[in-house]
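A.B. asks: mind folding the following:
(chains A, B and C)
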Amino acid sequence: MTALEQLQAANPLFWILGLPLGAAGFLAVLPSWRLASVLNVFISAATFAASLMLFQQRPAPSRLLFIDDFNIYLVVLTAFVGFTTALFSAAYIARETEAERLSPVHLRFYHSMYQAFLFTMLLALTANNTGVMWVAVEAATLTTVLMVSLYRSREAIEAAWKYFILCSVGIGLALFGTTLVYLAAQPVMGDGADAMAWTLMIGRAAEFQPDLLNLAFVFVLVGYGTKVGLAPLHAWLPDAHAEGPTPISAVLSGLLLNVALYALLRFKMLISANGQTLPAGPQMIMMGLSSLFLAAFMLYRRGDIKRLFAYSSIEHMGIVTFAFGIGGPLANFAGLLHMTMHSLTKSAIFFAVGVITQNTGTKRLAEIRGLTVSHPVLGWGLVVAVLAIAGMPPMGVFMSEFLVVSSTFATQPLLAVPLILGLLLAFAALVTRLQGLAFGTPAATRGYGRAGWLSTTLAYVPLWVHLALVVVAGLWLPRPLVEWFETVARMLG
Amino acid sequence: MLQQFSYDLAHLIGATVLMAGFGMLYQRRIFAVLNTFAFQAFALAAAAAWQAHVQHAPHLYATAAIALVFKALLVPFALHWLVERLGIHRTVETALSIGWTMIVGVALVALSILLVLPVTAKAAALTRESLALAMSVVLLGMLMMITRRNAVTQVVGFMALENGLILAAVSAKGMPLVVEISIAFSVLVAMTLFGIFFFRIRERFDTLDLHYLETYRGDRS
Amino acid sequence: MNSVIWQLVQIVLVVATAPLVTGYVRWVKARLQGRRGPAPWQPYRDLYRLLQKEAIVAHSASWIFRTAPYVTFASVWLAAAMVPTFTTNMFLAPAADLIALVALLAVGRFWTALAGMDVGTAFGGLGASREMLIASLAEPAMLMVSFSLSLVSGTTAPAQIVAFVLSGNVGIEVSLGLAMAALVMVAIAENGRIPIDNPATHLELTMVHEAMVLEYSGRHLAMIEVAAMVRLTLFIALIGCLFAPWGMAQPGGGPVGIMVGMGAFVAKSFVLATALAWFETAIAKMRVFRYADFLGGALLLGLLATIFLYVSEAV
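C.D. replies: Residues are numbered from 1 along each chain as shown, chains lettered A, B, ... in the order given. Model (predicted):
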């Protein structure tokens, strides 16, 4: 059976992957950027709808692709955030073009790359082959590098260069780790694709050679860890987030980091299933804590609003990695929840930031003041979102952070001290920043001029939808969702 | 006897790739670096072809061909052309003196051998050896990226790192084709990407020295 | 008994053929550069001419200056006599040892350097200091090569290394390749060939060996020149003997073995000398500042050879 027939047999997956891939090709040749931005929204919506079909009909795993309890929720989350960001992107792009910061040629490229990026992420999530997953993450790097350099300013090119060099090296190391895992699996599984398939490997992981897995995991951790933005390999992240177009910052923060972390966690599952290796936890805890602290301190000295929230992403990825490093059902549950909450909240923040930078015409924190006065809907949206990301109750992030802290207390009480300290530091930094941004007398604006009602609505709807989800998740999680997180948490070991 | 021979030859070719890695660190002129890189890619192609022969894996010949055509010929030519076309400074600018770089390089080789050999005790001799060599090549590539300032040499360092990765992949017995082709493909994409970069950098700055690129190095607030 | 005869043949052979080897290298170089060049036996004529001439010694020169040519020649000759060329069945073979070889060469170089400084001219001192710089870098590399060879074969005696390699116990060994590369680099440096030094120039800024011996004339100069030629032959023989010992006569090989050994030696010298000429034509001389990189490279290759031996031990 050829790969194509396999794809068709796995029906929803065929659509989930086929739609963005086809759209990437089609949008590259479509001359009208307005039409392209509309199509971008509809195709993303269709992808999201197709991802929902997975709940109805879960395809059987093939050699190339598979869906299990773990990745199904990330696929849906990715498709959802991809869709809402496409909405926001339509509004954002329209205003950027009016302000003549982007030309139609750039936009054609932009929309094509946006869909290509969604495709690579979905492929990475659904791949049942370590090699295919690696290729997908590599391709995701390439597409985002191109998008980060879209504005062609000196800073954008510098950021893209840094991003490319660091992440390519990271991804190279991840490939080395992948090869090592194959070598560990090959004596047990035999030659060929069997020894790279997640579904087949996990069952017999206990027979793999533990020493080889140890070495492999170091490479995978450093490699994919670079992509997750874990300290000390985070240097690319603030630049890439700050200099790219804001919708891209939103998907980078909200989705790409998750995908890289997902890859890391898959390897961790293999390690846990083996049982004789060095535990993966301490390494992850180390990197998680160092990211948390580094980012928490860095938050105080930021002058650029996008950089501020980029560092906040490093902080949260640190927390998530820390949680998975602690391990056990509760911490894993907290980690999964936090991944989801961070994804929703951070993309919401970037939606708000995108509109703010367009309204005020600056990214300097010092020049943005009194947003709640000048733009009430936007300003209060930002207030809610920042409080959410800082971890105020009753929002979802608070809940997941609370769970991380309490599970740490249960297993490693001493580690809870630095964790809480880091969380408090970050909280204080964000709240301080927020006061300046949201309250006080509005600064004189040098923005792009008033946006049309359609554009405003398109930008605000995704923001408030995300925030509503985060608030609801903080108050009440649906029973099926909880059970499902619990299953996955057990899988992660 | 035959097995001993196939092992010895694989060992020899692998070591040649590694030596070329050292050769790149040793060079002071960009063109010499490019030539050495081409030689390394050529040796890599030989390694892949030999593995294809030894493992009876015809698809590895494709990897060898890609390494030969793309990495040993096209990329060096393209970079050569770029350097001439853009009038890039032709001396390699080092962040660490050549002598020290070489010493660090030897330390890295020793490190990777010490790391790989104990953990692969049960694997085939052929694989172990190549893996140790491949890891050394990867680390040398990284070393080159760290210690050489010029953008072109950084690209070459990255490609050298990739050579190491491919060396590892071809010597892993029976690793599926998907990976090799995709590696080559991603290199291709990476290259076009770099091409764009060179021109873009040229538009904005007068030199490809990363030093200029990093005037705001470190944390922009 | 045979071993004494072959030893004597060897002692005569190295001195007798050394000018021919040098002359051949010069001739090939000339051809490659598009000149007709002097005939390969020109060095014999040159040496004859020098021996006829009066030796002029500077007023400020001491006995060191006068004895240095002989000491240098004697030490290099002795060293050359120890390296098996066509047979390992030689009287001195048990005493021959790579480390002894290094030491003998060092003695020769030491005296030349002393003589260079003895006269008190600027060039002599300059040449001596550069020569010592090269030596201080080349000798560790040479020793490293010896170590890796002894790790492979369990001995540092060239004759026993030959026997070991010829016994077929060793396949294509990466370490041997690396050691060979290192030895070739050391040989280039020791013989003052391009890219380290140019034996054909008397340009003030670049010369090393020639600067030291600038004050010599007549038979002294002839001695120095012969020593340099013998050193080149020695290294060619050494590389051939350690890394391509095929055809060399073993003890008990009989006259046929000796004939084969002779033929093989001539062929090996021919190939290596041609390669040297080609290499010198293809490459430019490097700056003095880069000597450290070049010879450091040789040292590192030797080091890597040793490291790789541990790999193949472990595999």
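A.B. asks: ok, B:A121 touching A:P187?
C.D. replies: No - counting by Cβ atoms under 8 Å, B:A121 sits too far from A:P187 to count as a contact (11.7 Å). C-beta here means a position set from N, CA and C on the backbone, and glycine is covered the same way.
A.B. asks: looking at the two, which is more packed in?
C.D. replies: More crowded of B:A121 and A:P187, by other Cβ atoms under 10 Å in any protein chain shown: A:P187, with 17 against 11.
A.B. asks: the helix or strand encompassing the more buried one and chain B in contact?
C.D. replies: According to DSSP states H and E, A:P187 maps onto helix A:154-189. Yes - Helix A:154-189 reaches chain B (Cβ under 8 Å from any Cβ of the partner chain) through A:154-155, A:157-158, A:160-161, A:164-165, A:168-169, A:172-173, A:175-176, A:179-180, A:182-183, A:186-187.
A.B. asks: of those, select the buried ones using a ChimeraX command.
C.D. replies: To isolate the buried members of the residues of helix A:154-189 next to chain B in ChimeraX, using 16 or more other Cβ atoms under 10 Å in any protein chain shown:
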select /A:154,157,158,160,161,164,165,168,169,172,173,175,176,179,180,182,183,186,187
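A.B. asks: residues in contact with A:A388?
C.D. replies: Contacts of A:A388 were listed using Cβ atoms under 8 Å, 6 or more residues apart in numbering or on different chains, and they are A:M341, A:T345, A:A348, A:M395, A:G396, A:V397, A:F398, A:L467, A:V470, A:V471.
A.B. asks: and the furthest pair within those?
C.D. replies: A:A348 and A:F398 (15.3 Å; Cβ to Cβ).
A.B. asks: between those two, tell me which one has more neighbours.
C.D. replies: Taking other Cβ under 10 Å, A:A348 and A:F398 do not tie; A:A348 has more neighbours (31 against 18).
A.B. asks: C-terminal to the helix holding A:P187, what's the next element?
C.D. replies: Next along from helix A:154-189, by DSSP H and E: helix A:198-204.
A.B. asks: that next one near chain B anywhere?
C.D. replies: No - judged by Cβ under 8 Å from any Cβ, helix A:198-204 and chain B are separated, with a smallest distance of 13.1 Å.
A.B. asks: got the buried residues for that helix?
C.D. replies: Buried residues in helix A:198-204, counted by 16+ other Cβ under 10 Å: A:W198, A:L200, A:M201, A:I202.
A.B. asks: from C:N198, how far out is C:R26?
C.D. replies: Per Cβ to Cβ, to the nearest Å, C:R26 is found 12 Å from C:N198.
A.B. asks: and for C:T22?
C.D. replies: Distance from C:T22 to C:N198, by Cβ to Cβ: 14 Å.
A.B. asks: compare these two (neighbour count), which wins?
C.D. replies: Set C:T22 next to C:N198 and count neighbours by other Cβ under 10 Å: C:T22 wins out with 25 against 19.
A.B. asks: which element, helix or strand, includes that one?
C.D. replies: Using DSSP H and E, C:T22 falls within helix C:2-32.
A.B. asks: which strands and helices sit next to that helix?
C.D. replies: helix C:42-52, helix C:63-82, helix C:218-243, helix C:254-282 (3 or more Cβ pairs under 8 Å, 6 or more residues apart in numbering or on different chains; DSSP states H and E).
A.B. asks: quick one: B:I88 is in a helix?
C.D. replies: No - counting by DSSP: H, G, I helix; E, B strand; the rest coil, one finds B:I88 to be coil, located in no helix.
A.B. asks: thought it was touching B:R29?
C.D. replies: No - using Cβ under 8 Å, B:I88 is not in contact with B:R29, being 11.6 Å away.
A.B. asks: so for the chain, the centremost residue is which one?
C.D. replies: Since no chain was named, I'll use chain A. A:L255 (2.4 Å; Cα atoms, centre = their mean).
A.B. asks: chain B is the one I meant
C.D. replies: B:A160 (1.2 Å).
A.B. asks: hang on, that residue packs against B:L140?
C.D. replies: Yes - assessed by Cβ under 8 Å, B:A160 is found in contact with B:L140 at 6.8 Å.
A.B. asks: mind listing the shared neighbours of those two?
C.D. replies: Residues touching both B:A160 and B:L140 (Cβ under 8 Å, 6+ apart): B:G21, B:M24.
A.B. asks: residue of chain B closest to chain A, please.
C.D. replies: B:G174 (2.6 Å; Cβ to the nearest Cβ).
A.B. asks: just the buried members of the contacts of A:A388?
C.D. replies: Applying 16+ other Cβ under 10 Å to the contacts of A:A388 flags A:M341, A:T345, A:A348, A:M395, A:G396, A:V397, A:F398, A:L467, A:V470 as buried.
A.B. asks: and the second one, what element?
C.D. replies: When secondary structure is defined by DSSP H and E, A:T345 falls within helix A:328-360.
A.B. asks: residue ranges in chain B under the pLDDT threshold?
C.D. replies: By pLDDT under 70, the weakly predicted segments of chain B are B:1-2, B:86, B:123-126, B:177-221.
A.B. asks: ok, which residues in it are in contact with chain C?
C.D. replies: Residues of chain B lying near chain C (Cβ under 8 Å from any Cβ): B:4-5, B:8-9, B:11-12, B:14-15, B:19, B:22, B:26, B:28, B:98-99, B:102-103, B:105-106, B:109-110, B:113, B:117, B:125, B:128-129, B:132.
A.B. asks: among these, which are in strands?
C.D. replies: Using DSSP state E, no member of the residues of chain B next to chain C falls within strands.
A.B. asks: make a ChimeraX selection of the buried ones in those.
C.D. replies: To isolate the buried members of the residues of chain B next to chain C in ChimeraX, using 16+ other Cβ under 10 Å:
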select /B:8,9,11,12,14,15,19,22,26,98,102,103,105,106,109,110,113,117,125,128,129,132
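A.B. asks: was I right about A:S407 contacting A:G327?
C.D. replies: No - counting by Cβ under 8 Å, A:S407 stays clear of A:G327, with 9.1 Å between them.
A.B. asks: so what's the residue in the stretch 1-150 of chain C positioned nearest to chain B closest to, chain neighbours aside?
C.D. replies: Using Cβ to the nearest Cβ, the single residue of the stretch 1-150 of chain C nearest to chain B is C:L137, 10.5 Å away. Leaving aside its chain neighbours, C:L137 sits nearest to C:L295 (3.6 Å; criterion: Cβ to Cβ, 6 or more residues apart in numbering or on different chains).
A.B. asks: what sits against the one you found?
C.D. replies: By Cβ under 8 Å, 6+ apart, the neighbours of C:L295 are C:I134, C:L137, C:A138, C:A141, C:M185, C:V186, C:A189.
A.B. asks: specify which member of these is nearest to A:A280.
C.D. replies: Nearest to A:A280 out of the contacts of C:L295 is C:A141 (Cβ to Cβ; 44.1 Å).
A.B. asks: which element is the closest one on?
C.D. replies: C:A141 belongs to helix C:122-153, assigned by DSSP H and E.
A.B. asks: just checking, what packs against that helix?
C.D. replies: helix C:98-118, helix C:158-166, helix C:174-190, helix C:209-212, helix C:291-314.
A.B. asks: backbone dihedrals for the residue in the stretch 151-300 of chain A positioned nearest to chain C, please?
C.D. replies: Of all residues in the stretch 151-300 of chain A, the one sitting closest to chain C is A:D211 (14.1 Å; Cβ to the nearest Cβ). Phi and psi for A:D211, reported as degrees, to the nearest 10, are phi -60, psi -40.
A.B. asks: so what's the residue count around it?
C.D. replies: Other residues near A:D211 number 17, with proximity taken as other Cβ under 10 Å.
A.B. asks: and if you look at B:A107?
C.D. replies: By other Cβ under 10 Å, 12 other residues sit near B:A107.
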